[in-house]
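1. Could you work out the structure for the sequence below:
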Amino acid sequence: MQPTLTVIDIDIYAGQDEQAREGLLENLTNSSDQCVTPLWVNWLRERADLRVVCLVHDLMRFDDFLVDVIRTVPGVRGTAARLAFDGVVCGDAIMDIALQSAVWDRRAAATVEVKTQPGRDREVYQALVGLPKHKEVEVVWVVKLFHSTETDLTLLLLGERTAALTGYTMSWVRTLPGVVDTQVSSVLDWQILGAVEDFVTLTERFPEQLS
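-> Below you'll find the model as predicted:
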């Protein structure tokens with residue numbers, strides 16, 4: 001089975017942020033579960049909560065990973081996982097992340113969740129994949145989440161400034177025909193966990209479309 005790109009949002013009890021972060025990193029680093037390959041952990045700007053991005057190689061064992069590695073961490077209040085089975089990942093941008101040091105904070109980053117008008121889903125997806133190049137913003141991935149009740153497509157953006165990411169979303173994403181709404185979550189910090197080979201696997205699993 002091909003690996004599945006998975007984003008796990010972790011809700012933390014107030015006042016237990018540092019404890020939860022350190023416990024989560026310890027569990028992820030020491031986990032021997034071969035069904036999941038953690039790529040990185042994000043601290044989210046809007047709240048003191050955490051996000052784990054990983055590749056799941058065996059969905060039948062994914063619940064065990066959530067229970068044993070993440071939900072046992074003191075301070076964790078709840079988890080929500082989103083699975084992406086299709087989409088594209090920009091090789092240059094994702095490798096830029098992979099090659100950074102253990103603490104990655106050189107550039108601004110944001111996740112853009114996109115709600116699409118039913119019936120125009122493929123049209124919007126193709127438009128997002130074909131977004132124009134921008135000197136201050138890179139699109140890392142565009143993945144499909146049509147099984148989610150909260151969002152239909154999601155983008156990961158990198159840029160030199162948070163304002164550039166917001167402006168890009170307003171000018172290029174929200175103006176696309178068929179886009180109903182968007183929500184932007186800014187990333188505060190990173191902890192890279194995956195090896196370069198894991199990021200290569202990600203690009204091979206979600207290859208860029210030929211122009």
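2. What's the per-residue pLDDT of the closest residue to residue 65 other than its chain neighbours here?
-> Once flanking residues are discounted, residue 65 sits nearest to residue 36: 4.7 Å by C-beta to C-beta, 6 or more residues apart in numbering. Any C-beta I mention is one placed from the backbone N, CA and C, and that applies to glycine too. Looking at residue 36, its pLDDT stands at 96.
3. Residue 36 - how many residues pack around it?
-> 24 (other C-beta atoms under 10 Å).
4. Which residues does it form beta bridges with?
-> Beta-bridge pairing for residue 36 (DSSP bridges): residue 56.
5. elements contacting the lengthiest helix in the chain?
-> Identified as the longest helix of the chain according to DSSP state H is helix 17-30. When contacts are defined as 3 or more C-beta pairs under 8 Å, 6 or more residues apart in numbering; DSSP states H and E, helix 17-30 packs onto strand 4-12, strand 36-44, strand 50-56.
6. Quick one: residues in contact with that helix.
-> 10, 12-13, 38, 41, 43, 48, 50, 52, 69-70, 72-76, 191, 193 (C-beta atoms under 8 Å, 6 or more residues apart in numbering).
7. quick check: angle from that helix to strand 4-12?
-> 150 degrees (axes from the mean of the first three to the mean of the last three C-alpha atoms, to 10 degrees).
8. how far does helix 17-30 sit from the chain's center?
-> When distances are taken as C-alpha atoms, centre = their mean, to the nearest Å, helix 17-30 is centred 19 Å away from the chain's centroid.
9. try stretch 112-132
-> 17 Å.
10. ok, now stretch 181-195?
-> 6 Å.
11. buried residues in it?
-> 182, 184, 185, 186, 187, 190, 191, 192, 193, 194 (16 or more other C-beta atoms under 10 Å).
12. and what of stretch 4-17?
-> So for stretch 4-17, counting by 16+ other C-beta under 10 Å, buried means 4, 5, 6, 7, 8, 9, 10, 12, 16, 17.
13. Starting from the lowest-mean-pLDDT helix or strand in the chain, tell me the next helix or strand along the chain.
-> When the helices and strands of the chain are compared on mean pLDDT, DSSP states H and E, strand 103-104 comes out lowest with a mean of 56. Using DSSP states H and E, the helix or strand that follows strand 103-104 in sequence is strand 108-116.
14. that older thread, tell me which of the helices and strands packed on helix 17-30 lies nearest to residue 155.
-> strand 4-12 (12.1 Å; C-beta to C-beta).
15. what helices or strands is the closest one leaning on?
-> Looks like strand 4-12 contacts helix 17-30, strand 50-56, strand 76-84 (3+ C-beta pairs under 8 Å, 6+ apart).
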